[in-house]
Structures are given as C-alpha cells and as structure tokens.
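Peer 1: would you be able to build a 3D model of this:
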Amino acid sequence: MIVTKKRKAISTFIATLLLMVLAVAAGVVIYAYTMGYLGGFTTPQTMGALSLDSAVLSSTGGLTAYIRNIGHSSFTYDTAYITFGTTTVKSTTGALAPTTLPEGAVGSFTINVTEFTGGAVTYSIKLIGKDNTQITFNVK
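Peer 2: Prediction:
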C-alpha cells in the first residue's frame with residue numbers, strides 16, 4: 001500500500017506579499033547605488049579654515065583680533081559668541097571687517113568686551129561663518 005502525503009503550497013496572498021517585499025528591496029538597492037554613483041559627480045562644499053594672527057585686549061576693554069583665511073574659498077562672517085565665566089552671549093556689536101575674506105586675506109574683528117562682563121579676566125570668542133566655518137580663541 002502506497003501512502004501519499006498531502007503537500008501544501010504557499011498561499012497566493014503570502015506569495016504576493018513576498019514578491020512585493022522583493023520588489024521594494026530591489027528598488028532600494030538600485031536607488032542607493034544610483035545616488036551614490038551620481039553623487040560623485042557633484043563638487044562637495046568644503047568648509048573654510050581660519051587662523052588667528054593676533055588678539056589684543058586694550059586697557060579700555062576693546063578687543064581687536066586679526067583673523068586670516070587660510071582655506072581654499074572665501075569666508076563670509078555670520079555671527080560671534082562671547083563666553084566669559086559661565087555665560088555665553090551672542091554678540092550683536094562686534095563684526096569682522098571686511099565681512100567677506102577672500103582666500104589668504106586678513107580681517108580684523110573688533111568688539112568692546114566690557115559691555116558683556118563685570119570685569120571678567122578671560123574671554124572666549126567664537127566666530128562663525130555662513131558655511132559653518134568656525135574659529136575659537138581666548139583672550140586674557
């Protein structure tokens with residue numbers, strides 16, 4: 001006597017779901033490949049680089065810092081933050097002149113720091129450009 005076993009196949013609903021998952025996965029792989037391949041044709045925006053030449057704090061409380069653009073693109077000044085003690089304030093009075101430094105140029109940043117403090121000894125200045133290029137320096 002021959003015994004036969006009944007075999008069941010995958011239902012059409014599960015088969016359809018599996019095909020949809022495979023199609024979506026293949027689409028994701030193709031999308032990732034093409035975006036990685038085509039992304040190599042665009043030129044990435046590189047951040048600039050700044051250097052502090054000198055910083056002088058006068059007896060009257062005026063801070064003058066000379067900033068050099070050592071990057072490969074122009075630097076455009078956006079904002080400055082001054083930290084004294086544990087307090088950080090956004091400076092609205094200090095500005096880099098000129099506001100855009102070409103490659104290799106030097107600009108001066110001048111601000112009266114006595115308006116922010118009550119006689120703090122160390123000031124930490126952070127200059128930030130429009131392309132998020134930053135320089136931080138301390139002055140005593």
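
Peer 1: do a quick rundown of the helices in the protein.
Peer 2: Secondary structure of the chain by DSSP state H: the helices cover 12-39.

Peer 1: low pLDDT regions in the protein?
Peer 2: Along the chain, the parts satisfying pLDDT under 70 run over 1, 3-4, 37-47, 92-94, 114-120.

Peer 1: what about the strands in it?
Peer 2: Under the criterion DSSP state E, the chain contains strands at 50-57, 62-69, 75-84, 87-91, 95-97, 100-101, 106-112, 123-129, 134-139.

Peer 1: domain assignment for the protein?
Peer 2: Following automatic domain parsing, the chain resolves into domains at 9-44, 50-139.

Peer 1: how near is the spatially most central residue of the chain to residue 90?
Peer 2: Central residue of the chain (C-alpha atoms, centre = their mean): residue 132, 4.8 Å from the mean position. The span separating residue 132 from residue 90 equals 16 Å under the rule C-beta to C-beta, to the nearest Å. No exception for glycine: its C-beta is placed from N, CA and C like everyone else's.

Peer 1: and stretch 15-25, what's buried?
Peer 2: For stretch 15-25, burial by neighbour count (16 or more other C-beta atoms under 10 Å) applies to no residue.

Peer 1: could you do stretch 99-106 as well?
Peer 2: Using 16+ other C-beta under 10 Å, the residues of stretch 99-106 that count as buried are residue 101.

Peer 1: hmm, who's touching that stretch?
Peer 2: Contacts made with stretch 99-106 from outside it, assessed by C-beta atoms under 8 Å, 6 or more residues apart in numbering, are listed as 53, 66-77, 98, 107.

Peer 1: try it again with 6 Å
Peer 2: Residues external to stretch 99-106 that are found in contact with it (C-beta atoms under 6 Å, 6 or more residues apart in numbering): 66, 68-69, 74-77, 107.

Peer 1: can you tell me which of those has the most neighbours?
Peer 2: Neighbour counts for these were taken using other C-beta atoms under 10 Å; the highest belongs to residue 75, which has 28 neighbours.

Peer 1: that residue touches residue 67, doesn't it?
Peer 2: No. Counting by C-beta atoms under 6 Å, residue 67 is not a contact partner of residue 75; they are 8.3 Å apart.
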